[in-house]
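> Just the structure for this:
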Amino acid sequence: MPFRLVLDPTDEPLFRLRQDEAGTPAPSPLSTATVVAQEIAAGRLTAAVWAPSGGPESGLALWHRSMVRVSKVLTLWLAPDLRSAAAYTALTLEVVGTGGPERVVTLPDHAAGLEERDLGAIVRPLGFEHVGRVRLAAAVESFPPAVLPEGVSLRAAGPPDRLSLIDLFERAYGKDADVLFGATLDPATDARDYLDMEIFGKPAWDRAASFVAVEGDRPVGSVLVQRTEAGPLVADLMVDPGRRGRGLGAALLAAVADALRARGETTMSLTLTPRNPSGAGHLYRRLGFVEVTDAGRRPGGLWVRTSFLREGGFRLLPEPGETPCQAGG
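Numbers count the residues shown, from 1 in each chain. Next comes the predicted model:
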């Protein structure tokens, strides 16, 4: 068989294939072979090595399983001497056709040694379209004081809010394009993993600048901030769909700005899915956020199966030259 599933996380070819010609880990959202081994051992990641045409194992695919029918491919990688559009086409076809009852619904938007336009030429005919992300930043001094909607109050966010934030995450992101960037495409599962591993379980979580908005006893919004090398990052801004349009999102961001300004911070940043029609981009730009490019860092993105978007009811603004994806279309 062209593919051989890697069941043992210490499998030598997996680690050998994860090294590029300079001896550094191959490009992947999973930064090291050690992390890959841990994810395989925990059952969260599937890996397969690829031997084209019966030759030596010289390709690699990594994907997260999601529920029963779908999966997210994280990495498509070929050894340096095989990196060509034709070889990546063969590898991608094998990946899309592999998985038994699972159905591949997302592919990474990059492949080592392949131009982005060439990858697009491979995956578009297979029924995938691109959804990207950009980073925005704003000066905290430009924010006015936070003004909350009537009946809403703020308090510090913390681990005791875990269950209520999972519920809010599901309400806020159920059909939102941002949920496509989760590990599993299941809002509840992603919320649990995200809050436990990326927020409350990390020293980088900025407790002093993270807030929950409550109306009565019910959380209706939240903003979670992380400390990064580039400065404070608004990792998550959530507003209950039934409370949108009342200025709550702006008030939460203003509260973050107040907290950061009080300790001498000058800027904060966040990520945006430009094709998301939620209107968040208009809010961010009205508050003074502008797009920034990090030197040496690619903007995030992925390729999503168009039929999955339509069947799931996702609504996306079109990219230039593309037809918008509409629910039921």
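> for this protein, what spans make up the strands?
In the chain, the strands defined using DSSP state E lie at 3-6, 45-50, 59-66, 70-78, 103-108, 128-132, 134-139, 152-156, 211-215, 218-228, 231-239, 267-272, 290-292, 301-305.
> Might you report the residue contacts of residue 205?
Going by C-beta atoms under 8 Å, 6 or more residues apart in numbering, residue 205 touches 199, 224, 225, 226, 227. (Each C-beta comes from the backbone N, C-alpha and C, glycine too.)
> picking up where we left off before, okay, the strands of the chain in CSV with mean neighbour count and distance to residue 174 next?
Formatted as CSV, these follow (neighbours: other C-beta atoms under 10 Å; distance: least, C-beta to C-beta, whole Å):
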stretch, mean neighbour count, distance to residue 174
strand 3-6, 16, 32
strand 45-50, 23, 25
strand 59-66, 22, 15
strand 70-78, 23, 16
strand 103-108, 22, 16
strand 128-132, 21, 16
strand 134-139, 18, 23
strand 152-156, 14, 22
strand 211-215, 22, 19
strand 218-228, 21, 16
strand 231-239, 22, 12
strand 267-272, 20, 19
strand 290-292, 12, 27
strand 301-305, 22, 16
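> Tell me which of those strands approaches residue 184 most closely.
The minimum distance between residue 184 and the strands of the chain falls on strand 59-66, with 4.2 Å, by C-beta to C-beta.
> Neighbouring strands - and their directions - for that closest one?
strand 45-50 (antiparallel), strand 70-78 (antiparallel) (DSSP bridges).
> can you list the ones you listed in TSV and add distance to residue 304 and mean pLDDT?
Shown next, in TSV, are those (distance: least, C-beta to C-beta, whole Å; pLDDT from 0 to 100):
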stretch	distance to residue 304	mean pLDDT
strand 45-50	19	77
strand 70-78	9	80
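> Serialize those to TSV and add fields for distance to residue 168.
As requested, the strands paired with strand 59-66 are exported to TSV (distance: least, C-beta to C-beta, whole Å):
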stretch	distance to residue 168
strand 45-50	27
strand 70-78	23
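> For residue 139, find the nearest of those.
Between those, strand 70-78 lies closest to residue 139; by C-beta to C-beta that is 34.7 Å.
> tell me the angle the closest one makes with strand 103-108.
50 degrees (axes from the mean of the first three to the mean of the last three C-alpha atoms, to 10 degrees).
> just the CA coordinates of strand 70-78, formatted as CSV?
In CSV, the C-alpha atoms belonging to strand 70-78 read as follows (Å, rounded to 0.1, in the frame of the first residue of the first chain):
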residue,chain,number,x,y,z
VAL,A,70,-14.4,14.3,9.0
SER,A,71,-10.8,15.0,9.5
LYS,A,72,-8.4,18.0,9.4
VAL,A,73,-5.1,17.3,7.6
LEU,A,74,-2.4,19.4,9.2
THR,A,75,0.7,18.5,7.2
LEU,A,76,1.5,17.4,3.7
TRP,A,77,5.3,16.9,3.4
LEU,A,78,7.7,15.4,0.9
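> Residue 259 touches residue 208, doesn't it?
Yes - assessed by C-beta atoms under 8 Å, residue 259 is found in contact with residue 208 at 5.7 Å.
> which of those two has more neighbours?
Using other C-beta atoms under 10 Å, the more surrounded residue of residue 259 and residue 208 is residue 259, with 21 against 13.
> who touches that one in this structure?
Residue 259 neighbours (C-beta under 8 Å, 6+ apart): 208, 209.
> where does the stretch 201-329 of the chain have low pLDDT?
294-299, 320-329 (pLDDT under 70).
> same thing but 90
For the stretch 201-329 of the chain, the stretches with pLDDT under 90 are 201-205, 217, 228-230, 242, 244-245, 274-281, 292-301, 305-329.
> Which positions in stretch 175-193 come out as buried?
Neighbour counts using 16 or more other C-beta atoms under 10 Å place 176-187, 190-193 of stretch 175-193 among the buried residues.
> What ranges does the stretch 151-300 of the chain have for its helices?
Under the criterion DSSP state H, counting those that start in this stretch, helices of the stretch 151-300 of the chain are mapped to 162-173, 187-193, 248-262, 280-286.
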